[in-house]
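1. quick one, fold the following:
(chains A and B)
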Amino acid sequence: DAGITQSPRHKVTETGTPVTLRCHQTENHRYMYWYRQDPGHGLRLIHYSYGVKDTDKGEVSDGYSVSRSKTEDFLLTLESATSSQTSVYFCAINPTSGEVDTQYFGPGTRLTVL
Amino acid sequence: AQKVTQAQTEISVVEKEDVTLDCVYETRDTTYYLFWYKQPPSGELVFLIRRNSFDEQNEISGRYSWNFQKSTSSFNFTITASQVVDSAVYFCALSETDAGGTSYGKLTFGQGTILTVHP
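-> A predicted model of the protein is given here:
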(Lines give C-alpha, C1' and ligand atoms only; values in the text may rest on other atoms or scores of the structure.)
Protein backbone atom coordinates (compact mmCIF):
# COMPACT_ATOMS: atom_id res chain seq x y z
CA ASP A 1 0.00 0.00 0.00
CA ALA A 2 1.65 3.21 -1.19
CA GLY A 3 -0.62 5.40 0.95
CA ILE A 4 -2.27 7.17 -1.97
CA THR A 5 -5.91 8.16 -1.94
CA GLN A 6 -7.93 9.94 -4.57
CA SER A 7 -11.17 11.84 -4.16
CA PRO A 8 -13.78 11.69 -5.37
CA ARG A 9 -13.68 8.15 -6.73
CA HIS A 10 -16.56 8.79 -9.10
CA LYS A 11 -17.97 12.01 -10.44
CA VAL A 12 -20.54 12.97 -13.02
CA THR A 13 -20.59 16.57 -14.11
CA GLU A 14 -21.87 18.75 -16.92
CA THR A 15 -19.98 20.38 -19.73
CA GLY A 16 -18.61 23.76 -18.78
CA THR A 17 -18.42 23.21 -15.05
CA PRO A 18 -15.14 23.32 -13.13
CA VAL A 19 -13.96 20.09 -11.52
CA THR A 20 -11.16 19.46 -9.04
CA LEU A 21 -9.72 16.05 -8.32
CA ARG A 22 -7.59 15.49 -5.26
CA CYS A 23 -4.65 13.17 -4.73
CA HIS A 24 -3.42 12.69 -1.20
CA GLN A 25 -0.32 10.79 -0.06
CA THR A 26 0.86 10.00 3.41
CA GLU A 27 4.58 9.32 2.80
CA ASN A 28 5.87 12.84 1.93
CA HIS A 29 7.14 11.78 -1.48
CA ARG A 30 8.45 14.63 -3.56
CA TYR A 31 7.28 13.46 -7.00
CA MET A 32 3.61 13.17 -7.91
CA TYR A 33 1.85 12.67 -11.23
CA TRP A 34 -1.56 12.82 -12.86
CA TYR A 35 -2.40 10.47 -15.72
CA ARG A 36 -5.55 9.82 -17.65
CA GLN A 37 -6.52 6.42 -19.02
CA ASP A 38 -8.53 6.05 -22.20
CA PRO A 39 -9.23 2.98 -24.33
CA GLY A 40 -6.61 2.54 -27.03
CA HIS A 41 -4.25 5.07 -25.45
CA GLY A 42 -3.05 3.45 -22.26
CA LEU A 43 -2.14 6.02 -19.65
CA ARG A 44 -1.00 9.48 -20.65
CA LEU A 45 0.69 12.01 -18.44
CA ILE A 46 -1.24 15.22 -17.79
CA HIS A 47 0.94 17.08 -15.27
CA TYR A 48 3.54 16.23 -12.71
CA SER A 49 5.09 17.83 -9.66
CA TYR A 50 8.61 17.61 -8.28
CA GLY A 51 7.99 19.58 -5.12
CA VAL A 52 5.72 22.08 -3.42
CA LYS A 53 4.75 24.72 -5.99
CA ASP A 54 6.93 22.97 -8.62
CA THR A 55 4.86 21.56 -11.44
CA ASP A 56 5.21 20.97 -15.15
CA LYS A 57 3.16 19.86 -18.12
CA GLY A 58 2.90 16.38 -19.51
CA GLU A 59 1.79 15.05 -22.85
CA VAL A 60 -1.91 15.98 -22.60
CA SER A 61 -2.02 19.09 -20.40
CA ASP A 62 -4.42 21.26 -22.44
CA GLY A 63 -7.57 22.02 -20.46
CA TYR A 64 -6.00 21.03 -17.14
CA SER A 65 -4.22 22.86 -14.37
CA VAL A 66 -2.60 21.60 -11.17
CA SER A 67 -1.57 22.91 -7.83
CA ARG A 68 0.66 21.62 -5.06
CA SER A 69 0.57 23.87 -2.03
CA LYS A 70 1.71 21.15 0.36
CA THR A 71 3.67 17.96 -0.08
CA GLU A 72 0.83 15.58 0.58
CA ASP A 73 -1.75 16.99 -1.84
CA PHE A 74 -1.70 17.31 -5.61
CA LEU A 75 -4.84 18.82 -7.14
CA LEU A 76 -5.96 18.48 -10.74
CA THR A 77 -8.46 21.04 -12.02
CA LEU A 78 -10.52 21.00 -15.15
CA GLU A 79 -11.36 24.67 -15.54
CA SER A 80 -14.32 24.06 -17.83
CA ALA A 81 -15.01 20.37 -18.31
CA THR A 82 -15.63 19.00 -21.78
CA SER A 83 -16.93 15.61 -22.89
CA SER A 84 -13.45 14.73 -24.20
CA GLN A 85 -12.24 14.82 -20.61
CA THR A 86 -14.44 11.90 -19.68
CA SER A 87 -11.83 9.43 -18.51
CA VAL A 88 -10.32 7.56 -15.59
CA TYR A 89 -7.75 9.68 -13.79
CA PHE A 90 -4.88 8.15 -11.88
CA CYS A 91 -2.53 9.82 -9.48
CA ALA A 92 0.92 8.33 -8.90
CA ILE A 93 3.92 8.88 -6.68
CA ASN A 94 7.60 8.18 -7.22
CA PRO A 95 9.27 7.23 -3.95
CA THR A 96 12.79 8.25 -5.06
CA SER A 97 13.57 11.91 -5.64
CA GLY A 98 15.47 12.74 -8.79
CA GLU A 99 15.82 9.20 -9.99
CA VAL A 100 13.72 6.80 -11.91
CA ASP A 101 11.92 4.53 -9.56
CA THR A 102 8.80 2.51 -9.54
CA GLN A 103 5.66 4.60 -9.67
CA TYR A 104 2.81 3.55 -7.46
CA PHE A 105 -0.69 4.48 -8.39
CA GLY A 106 -3.78 5.56 -6.54
CA PRO A 107 -7.11 3.80 -7.02
CA GLY A 108 -8.30 6.14 -9.78
CA THR A 109 -11.19 8.57 -10.26
CA ARG A 110 -13.81 7.88 -12.89
CA LEU A 111 -15.03 11.19 -14.32
CA THR A 112 -17.98 11.48 -16.67
CA VAL A 113 -18.69 14.79 -18.38
CA LEU A 114 -22.18 14.98 -19.86
CA ALA B 1 9.94 11.37 -28.55
CA GLN B 2 9.66 8.15 -26.66
CA LYS B 3 7.16 5.56 -27.71
CA VAL B 4 5.91 2.21 -26.47
CA THR B 5 3.95 -0.13 -28.70
CA GLN B 6 1.92 -3.10 -27.56
CA ALA B 7 0.66 -4.42 -30.86
CA GLN B 8 -1.57 -7.08 -29.33
CA THR B 9 -4.81 -5.37 -28.38
CA GLU B 10 -6.49 -8.50 -27.04
CA ILE B 11 -5.36 -12.05 -26.37
CA SER B 12 -7.59 -14.93 -25.40
CA VAL B 13 -6.22 -18.22 -24.07
CA VAL B 14 -7.43 -21.26 -22.23
CA GLU B 15 -6.21 -21.93 -18.73
CA LYS B 16 -2.78 -23.58 -18.50
CA GLU B 17 -1.65 -22.25 -21.85
CA ASP B 18 1.51 -20.15 -21.99
CA VAL B 19 1.07 -16.62 -23.31
CA THR B 20 3.54 -13.92 -24.33
CA LEU B 21 2.73 -10.23 -24.32
CA ASP B 22 4.85 -8.15 -26.65
CA CYS B 23 6.29 -4.72 -25.95
CA VAL B 24 8.44 -2.71 -28.35
CA TYR B 25 9.85 0.67 -27.43
CA GLU B 26 11.61 3.64 -29.00
CA THR B 27 13.93 5.97 -27.17
CA ARG B 28 17.03 8.06 -27.76
CA ASP B 29 18.14 7.71 -24.17
CA THR B 30 21.07 5.44 -23.42
CA THR B 31 19.87 4.97 -19.87
CA TYR B 32 16.25 4.13 -19.42
CA TYR B 33 13.92 1.90 -17.46
CA LEU B 34 11.13 -0.38 -18.56
CA PHE B 35 8.13 -1.44 -16.52
CA TRP B 36 5.19 -3.79 -16.64
CA TYR B 37 1.96 -3.08 -14.79
CA LYS B 38 -1.15 -5.21 -14.40
CA GLN B 39 -4.66 -3.78 -14.22
CA PRO B 40 -7.15 -6.41 -13.05
CA PRO B 41 -10.91 -5.94 -13.57
CA SER B 42 -11.09 -4.11 -10.23
CA GLY B 43 -9.20 -1.24 -11.90
CA GLU B 44 -6.11 -0.65 -9.78
CA LEU B 45 -2.65 -0.62 -11.33
CA VAL B 46 -0.28 -3.19 -9.91
CA PHE B 47 3.47 -2.95 -10.45
CA LEU B 48 5.05 -6.15 -11.76
CA ILE B 49 8.65 -5.41 -12.75
CA ARG B 50 11.21 -2.70 -13.42
CA ARG B 51 14.25 -3.21 -15.63
CA ASN B 52 17.10 -0.82 -16.43
CA SER B 53 18.72 -0.57 -19.85
CA PHE B 54 22.04 -2.00 -18.67
CA ASP B 55 20.61 -5.22 -17.36
CA GLU B 56 19.62 -7.59 -20.13
CA GLN B 57 19.31 -10.64 -17.98
CA ASN B 58 15.99 -12.36 -18.24
CA GLU B 59 13.97 -12.40 -15.08
CA ILE B 60 11.67 -15.05 -13.72
CA SER B 61 9.23 -14.67 -10.88
CA GLY B 62 7.06 -17.71 -10.36
CA ARG B 63 4.96 -18.16 -13.48
CA TYR B 64 6.05 -14.77 -14.86
CA SER B 65 9.15 -14.17 -16.95
CA TRP B 66 10.48 -11.22 -18.86
CA ASN B 67 12.75 -11.17 -21.91
CA PHE B 68 14.59 -7.88 -22.45
CA GLN B 69 16.47 -7.51 -25.76
CA LYS B 70 18.08 -4.16 -26.50
CA SER B 71 18.98 -5.27 -30.02
CA THR B 72 15.32 -5.44 -30.96
CA SER B 73 14.10 -2.82 -28.45
CA SER B 74 11.72 -5.32 -26.94
CA PHE B 75 10.68 -6.20 -23.42
CA ASN B 76 8.30 -9.15 -23.66
CA PHE B 77 6.35 -10.71 -20.83
CA THR B 78 5.47 -14.40 -20.65
CA ILE B 79 2.98 -16.04 -18.34
CA THR B 80 3.48 -19.78 -18.03
CA ALA B 81 0.53 -22.04 -17.30
CA SER B 82 -1.93 -19.15 -17.29
CA GLN B 83 -4.73 -18.98 -14.77
CA VAL B 84 -8.09 -17.25 -14.77
CA VAL B 85 -6.74 -14.79 -12.20
CA ASP B 86 -4.23 -13.60 -14.79
CA SER B 87 -7.08 -12.04 -16.76
CA ALA B 88 -6.30 -8.33 -16.81
CA VAL B 89 -5.01 -5.47 -18.90
CA TYR B 90 -1.22 -5.41 -19.00
CA PHE B 91 0.74 -2.25 -19.66
CA CYS B 92 4.33 -1.83 -20.66
CA ALA B 93 5.93 1.54 -19.84
CA LEU B 94 9.18 3.40 -20.44
CA SER B 95 10.85 6.02 -18.28
CA GLU B 96 11.57 9.37 -19.80
CA THR B 97 14.18 12.10 -19.46
CA ASP B 98 13.87 15.70 -20.57
CA ALA B 99 16.08 17.44 -23.14
CA GLY B 100 18.66 18.11 -20.44
CA GLY B 101 18.85 14.46 -19.49
CA THR B 102 17.01 14.88 -16.20
CA SER B 103 14.61 12.20 -15.17
CA TYR B 104 11.50 13.26 -13.37
CA GLY B 105 10.24 9.72 -13.35
CA LYS B 106 7.73 10.36 -16.09
CA LEU B 107 6.39 7.27 -17.80
CA THR B 108 5.30 6.65 -21.37
CA PHE B 109 2.81 3.81 -21.55
CA GLY B 110 1.84 1.43 -24.28
CA GLN B 111 -1.78 1.04 -25.25
CA GLY B 112 -2.20 -2.06 -23.13
CA THR B 113 -3.02 -5.69 -23.92
CA ILE B 114 -6.26 -7.21 -22.67
CA LEU B 115 -5.60 -10.77 -21.62
CA THR B 116 -8.54 -13.09 -21.05
CA VAL B 117 -7.90 -16.53 -19.64
CA HIS B 118 -10.82 -18.92 -20.01
CA PRO B 119 -11.33 -21.84 -17.64
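2. could you list the low-pLDDT ranges of the chain?
-> Using chain A. For chain A, applying pLDDT under 70 flags the ranges A:1-2, A:97-100.
3. hmm, no, I was thinking of chain B.
-> Across chain B, residues meeting the criterion (pLDDT under 70) sit at B:97-102.
4. try it again with 50
-> Scanning chain B for pLDDT under 50 picks out no residues.
5. so which residues on it come close to chain A?
-> With Cβ under 8 Å from any Cβ of the partner chain as the criterion, chain B comes near chain A at residues B:4, B:6, B:32-33, B:35, B:37, B:43-45, B:47, B:50, B:52, B:91, B:93, B:95, B:102-112. Any C-beta I mention is one placed from the backbone N, CA and C, and that applies to glycine too.
6. those in strands, which ones?
-> In strands, judged by DSSP state E, the following of the residues of chain B next to chain A are found: B:4, B:33, B:35, B:37, B:47, B:50, B:52, B:91, B:93, B:95, B:103-109.
7. are any of these buried, and if so which?
-> By the neighbour-count criterion of 16 or more other Cβ atoms under 10 Å in any protein chain shown, those include these buried positions: B:4, B:33, B:35, B:37, B:50, B:91, B:93, B:95, B:103-109.
8. from residue A:101, how far out is residue B:8?
-> Taking Cβ to Cβ, to the nearest Å as the criterion, residue B:8 is separated from residue A:101 by 28 Å.
9. do the same with residue A:68
-> According to Cβ to Cβ, residue A:68 stands 19 Å off from residue A:101.
10. so which bits of chain A are right by chain B?
-> Within chain A, the positions near chain B by Cβ under 8 Å from any Cβ are A:31, A:33, A:35, A:40-45, A:48, A:50, A:56, A:58-59, A:88, A:90, A:94, A:96, A:98-105, A:107-108.
11. grab the most central residue of chain A for me.
-> residue A:34 (2.8 Å; Cα atoms, centre = their mean).
12. list the contacts of it.
-> Each residue near residue A:34 by Cβ atoms under 8 Å, 6 or more residues apart in numbering or on different chains is listed here: A:21, A:23, A:45-48, A:58, A:64, A:66, A:74, A:76, A:89-92.
13. quick one: contacts for residue 15?
-> With no chain named, the answer covers chain A. Residues in contact with residue A:15, defined by Cβ under 8 Å, 6+ apart, are A:81, A:82, A:83, A:113, A:114.
14. I was thinking of chain B, sorry if that wasn't clear
-> Taking Cβ under 8 Å, 6+ apart, we find residue B:15 in contact with B:82, B:83, B:84, B:117, B:118, B:119.
15. also residue A:101?
-> Under the criterion of Cβ under 8 Å, 6+ apart, the contact list for residue A:101 reads A:94, A:95, B:50, B:105.
16. switch the cut-off to 7 Å
-> For residue A:101, the residues meeting the contact criterion (Cβ atoms under 7 Å, 6 or more residues apart in numbering or on different chains) are A:94, A:95, B:105.
17. and which of these is nearest residue B:24?
-> residue B:105 (22.0 Å; Cβ to Cβ).
18. grab the nearest non-local neighbour of that closest one.
-> In space, residue B:105 comes closest to residue A:94 once its chain neighbours are excluded; the distance is 3.9 Å by Cβ to Cβ, 6 or more residues apart in numbering or on different chains.
19. over to residue B:104?
-> Nearest to residue B:104 is residue A:50, by Cβ to Cβ, 6+ apart, at 5.7 Å.
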